[in-house]
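Chemist: let's see this in three dimensions:
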Amino acid sequence: MASNGCEKVDVSRVLIQRTKGLHSKARVSSIQAADMVLKNWADDGMPIAEDDQCDVQVIFEDGFRYRGKFGLKRTDKRISLARHIRRQLTALAAAKRCSNASTASEEPVISLIGTDIADSARIALDQYDI
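Modeler: Numbers count the residues shown, from 1 in each chain. As a prediction, the model looks like this:
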């Protein structure tokens, strides 16, 4: 498919909802635009609690979805949603689970596009523009 030097599947939209602290929502069409929204929220002058979080859903052009949490911290030098998602997918790829049922609220949920969650995460890292 999109591996071996072929073009990766692009992001269709990113939905962000701030769930702790000041409630806000955003819908953007790229991960870079999502980074700007998150940076603006982190820099908006409102106090950020230790557990200030956002729900993030990334939908790709072919329908693949990633859903997870992103913590807002004013001390971050550079906000990178892509780096955060790659770390989450890398952790899922190494997991020995076979179910998409999330046992912890902090754990990301992804579309099942492989034989199990670990395989799906490996495919996502390889074939999606994250």
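
Chemist: helix or strand: which one has the nearest residue to His23 once chain neighbours are set aside?
Modeler: Counting by CB to CB, 6 or more residues apart in numbering, Gln17 is the residue found nearest to His23 once chain neighbours are left out, at 7.6 Å. (C-beta placed from N, C-alpha, C; glycine too.) Gln17 belongs to strand 11-18 when assigned by DSSP states H and E.

Chemist: average model confidence for the longest helix anywhere in the chain?
Modeler: Longest helix in the chain, counting residues (DSSP state H): helix 81-94. In this model, helix 81-94 carries a mean pLDDT of 95.

Chemist: what comes up buried for it?
Modeler: Neighbour counts over helix 81-94 (16 or more other CB atoms under 10 Å) mark 81-82, 84-85, 88-89, 92-93 as buried.

Chemist: check contacts around the residue nearest the centre of the chain.
Modeler: When CA atoms, centre = their mean is applied to the chain, the residue found nearest the centroid is Ile85 (4.3 Å). Contacts for Ile85 (CB atoms under 8 Å, 6 or more residues apart in numbering) come out as 31, 58, 66, 68, 108, 130.
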